[in-house]
Structure formats: C-alpha cells, structure tokens
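Novice: I'd like to go over a predicted model; first the sequence, then the structure.
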Amino acid sequence: MPHAYAPDGTALHYELRGSGEPLVLLSGQSNSRHWWDPVVEDFAAAFTVVTLDWRGTGDSDRPDSDSYSTRGFADDVAAVLDDAGIGRAHVYGTSMGGRVAQWFAAEFPERVGRLVLGCTSPGAPHGVERGPEVRRALAQGDPEAVRRALLELMYTPAWIAAQEEGGRREFGTLGDPSMPAHARRRHLRASARHDAWDALVRIKAPTLVVHGSDDTFNPTANAPLLAERLPDARMRLVPGARHAYFEEFAEVATPLVLGFLRDGEA
C-alpha cells in the first residue's frame, strides 16, 4: 500500500486506479477514501484516479496534534501527488474535501486543471451554516439516533428504505468507524474553522460548483456564494438530492462531473 509523507512526517495512505489524466477525489470530514467507493470506478474508467485517507482516517497516521486544518490537508494532498509523481491534476472535492480543494487550488494553482466543488461552503464567516434543528439532531445522546439523523441528512428517505430493504447496513459516508475520538474532534474543528473566502478570488482553475437542491447538512445556499465569488465558475444543482448527491444521484451527478472534467461542459 503506497504511503506519502507530509512535511511533519505523517504517513498518508493513498490509492491509484485507472488510466488517463490524473484526478484527485477528496472525501468528507471524518471519512476515508471509502467515501468514494460507490462511484470511483466510473471515474477510473476515464482518469487516473487518486484517493487518499485523510490524516486520522483509514490507513493513514492518526496524530493527536494541532496538525489538522483544511489548509493543512491541502498540503497533505500536495505530498500525495508528489509521492505519486503527479505534477498537475483535476480536483474533485466534496463536503470537507471541497473545503480542502479550495485551499489546494488557491495555494497550488499550477497543479490544478479543472476543479469541482461539491456540497461544500466557503466557511462559517461568509457561508450559510446549518440550522438549529440539524444541530439538535446531531447532538442527541443516543448514538443510533444520531446515526439515523445523519443518514437522513445524506440521503432521501425512499432511497434509504430501498437500500435497507436490500439488506444494506453500512454506508461509507457516515464516518470512518476506525477513527479514534481525538481524530474525530480534530476533523470537526478543522472543518468548522475553515475560511477560504479571501483565497477564493485567487483560484484560476475553471470550476464547477455542484450541490443537492435539498441539502440541509451543508445548506444549498452556499453553492451560489461560491460560484459568484470564484473568478471562473458555473453552478449546477441536482434536483431532489441531499448531501450525498454523488452517490444517490450518481446517474445524474457523475456524467455531469465527467463532462466538465473532460471538455469543460456542464
């Protein structure tokens, strides 16, 4: 299993699959590379896909230190690309991964071809925060109730029911179950402290902003904020989709993103 090493020595696990131009897929908060499992092969059919485990997740190191931040995660992405011998890549980040992608595109403009920002935001100071009802649902004392609330923020009830009727119990977007508590806390803090508003205007890469129209976990209103702030961006909403639009609505979202990455159409 290949590992890159961040400037502070943290080992970062990553995987390569497919062939063609490089494409980095960046997952959400407290999640490993498995966030992308339902769709990664579709992207690998067209690109050399790089997926990685954030520090604190998967097969990467899990330091209990102040090294967790969205800007720092962007440096981790650069270390992975260096180790893989990739100078320039397209970047597709969702949720916290979209926040990291903002920093990566701003700090390493020469390394980004096209950029896709999915179900993400510019950060609390200028973004739209989730409502109090969502916060209450995620702050319940019953772990199973929290899991259910998170599941319903990710997917529509009908889709959840169909999956569960088919025997599915595990969902790769609900967090890496192997994460230690300190890493979960630090991921949460890193995402909550994100603020790339001033950096967004420095992003030169052509950008596609994608969001589910019914996302309340990371409110849909963040999509036009990003699209209007970025110098070269277009926005597309996926009708009826919640936070995990890229999985439940893959038949819509994946061709949309592939079209943009291949030839700039969306």
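Specialist: Right, received. Where do you want to start?
Novice: pretty sure Y155 sits against A244.
Specialist: Yes. In this structure, Y155 is within contact of A244 by C-beta atoms under 8 Å, at 5.7 Å. Backbone N, C-alpha and C define where each C-beta goes, glycine included.
Novice: between these two, who's got more neighbours?
Specialist: A244 (30 against 24; other C-beta atoms under 10 Å).
Novice: for the closest residue to that one other than its chain neighbours, grab the count of nearby residues.
Specialist: Computed as C-beta to C-beta, 6 or more residues apart in numbering, the closest residue to A244 that is not its neighbour in sequence is M154, at 4.1 Å. As a burial measure, M154 scores 25 neighbours (other C-beta under 10 Å).
Novice: what sits against M154?
Specialist: F171, T173, L174, F217, R242, H243, A244, E248 (C-beta atoms under 8 Å, 6 or more residues apart in numbering).
Novice: dump these to a markdown table, plus distance to S121, secondary structure and pLDDT.
Specialist: Supplementary listing: the contacts of M154 in a markdown table, determined by distance: C-beta to C-beta, whole Å; DSSP: H, G, I helix; E, B strand; the rest coil; pLDDT from 0 to 100:
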| residue | distance to S121 | secondary structure | pLDDT |
| --- | --- | --- | --- |
| F171 | 22 | coil | 93 |
| T173 | 17 | coil | 96 |
| L174 | 20 | coil | 95 |
| F217 | 11 | coil | 97 |
| R242 | 15 | coil | 98 |
| H243 | 12 | coil | 98 |
| A244 | 16 | coil | 98 |
| E248 | 20 | helix | 98 |
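Novice: so which of these is the most crowded?
Specialist: Comparing the contacts of M154 by number of neighbours (other C-beta under 10 Å), A244 comes first, having 30 neighbours.
Novice: my read: S213 touches H243, true?
Specialist: No. Using C-beta under 8 Å as the test, S213 is too far from H243 to be in contact (11.5 Å).
Novice: cool, thanks, talk later.
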